[in-house]
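Colleague: let's see this in three dimensions:
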Amino acid sequence: MSERRLAILNEMGLAPVWRLRRRAEGPAPEESDWIRLEREVPACTACALHKSRSQTVLGVGDRDADWLLVGEAPGAEEDRLGEPFVGQAGKLLDNMLAAIGLARGENVYIANVLKCRPPGNRNPEPEEVARCTPFLLRQIALIQPGIIVAMGRFAAQTLLGSDATIASLRGRVHAYAGVPLVVTYHPAYLLRNLPDKAKAWSDLLFARRTLCGR
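Modeller: Numbering: from 1, shown residues only. This is a model prediction of the structure:
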């Protein structure tokens with residue numbers, strides 16, 4: 001988000017109060033920091049996942065975004081195309097964002113806990129998460145988002161260090177790396193459980209209120 005847009009939203013009482021405070025604390029990240037990260041992730045061999053991946057999936061979107069959406073790990077299509085949340089789940093996510101006036105790449109950045117696909121789309125293992133988490137932390141430091149939306153049970157439990165259910169984590173403001181975090185369902189889950197789409201809509205509205213300090 002540009003400083004001009006941030007100032008306008010502030011005058012309207014709609015600016016993310018956390019973002020205003022965060023941006024005032026220090027200088028914006030340099031482009032070289034992103035270049036370094038984009039070089040290190042594809043070269044990573046810290047865990048066994050590098051042996052079976054087609055490519056790494058760092059993330060996609062606005063590097064100055066207020067919204068950071070975090071899922072679990074790349075699937076087969078993501079591994080093939082190098083972009084998170086493609087296919088039917090990605091289309092649903094795009095529709096969900098559009099419903100609250102957002103769009104992929106416009107004030108939104110999308111990433112996963114893991115940057116490599118686990119074979120057979122199995123759940124990530126603790127060692128894999130431990131090896132990959134520093135990359136996510138660096139993304140958060142570079143983006144300086146105003147809100148993190150953890151999508152799905154695994155992302156929520158991993159980021160919060162909890163084994164609690166999605167149902168018990170929803171509707172509350174948590175935090176990860178000092179950033180407000182809201183939990184919702186994974187789009188792939190919603191494709192199989194259509195009645196819960198209304199709950200996901202409620203979660204996004206809650207995240208927007210949290211971001212705007214209301």
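Colleague: show me what whichever helix in the chain runs longest is packed against.
Modeller: Longest helix in the chain, counting residues (DSSP state H): helix 126-143. The contact analysis (3 or more CB pairs under 8 Å, 6 or more residues apart in numbering; DSSP states H and E) places helix 126-143 against helix 31-40, strand 67-71, strand 108-112. Just so you know, the C-beta spots here come from the backbone N, C-alpha and C atoms, and that holds for glycine as well.
Colleague: adjacent strands (with direction) for whichever helix or strand comes after the first one?
Modeller: Following the chain from helix 31-40 toward its C-terminal end, the next helix or strand by DSSP states H and E is strand 60-61. Here strand 60-61 is paired, per DSSP bridges, with strand 108-112 (antiparallel).
Colleague: quick one: contacts of the partner strand?
Modeller: 57-63, 65, 67-74, 78, 84-85, 93, 97, 102, 104, 136, 139, 143, 145, 155 (CB atoms under 8 Å, 6 or more residues apart in numbering).
Colleague: that one versus helix 126-143: what angle between them?
Modeller: With axes from the mean of the first three to the mean of the last three CA atoms, to 10 degrees as the basis, strand 108-112 and helix 126-143 are set at 160 degrees to each other.
Colleague: just for this protein, where's the confidence low?
Modeller: 1-31, 214 (pLDDT under 70).
Colleague: partner strands of the following helix or strand past the longest helix of the chain, with direction?
Modeller: As assigned by DSSP H and E, the chain's next helix or strand after helix 126-143 is strand 147-151. The strands beside strand 147-151 in its sheet (DSSP bridges) come out as strand 67-71 (parallel), strand 179-184 (parallel).
Colleague: mean neighbour count, those: which tops it?
Modeller: strand 67-71 (a mean of 26; mean count of other CB atoms under 10 Å).
Colleague: chain center to it: distance?
Modeller: 1 Å (CA atoms, centre = their mean, to the nearest Å).
Colleague: again, but for stretch 74-92
Modeller: With CA atoms, centre = their mean, you get 14 Å for stretch 74-92.
Colleague: just stretch 107-117 next, same as before
Modeller: 6 Å.
Colleague: one more: stretch 124-143?
Modeller: Per CA atoms, centre = their mean, the centroid offset for stretch 124-143 relative to its chain is 12 Å.
Colleague: coming back round to it: and the contacts of strand 108-112, which of them are buried?
Modeller: Using 16 or more other CB atoms under 10 Å as the burial test, the contacts of strand 108-112 include 57-62, 65, 67-74, 78, 84-85, 93, 97, 102, 104, 136, 139, 143, 145, 155 as buried.
Colleague: much appreciated, bye for now.
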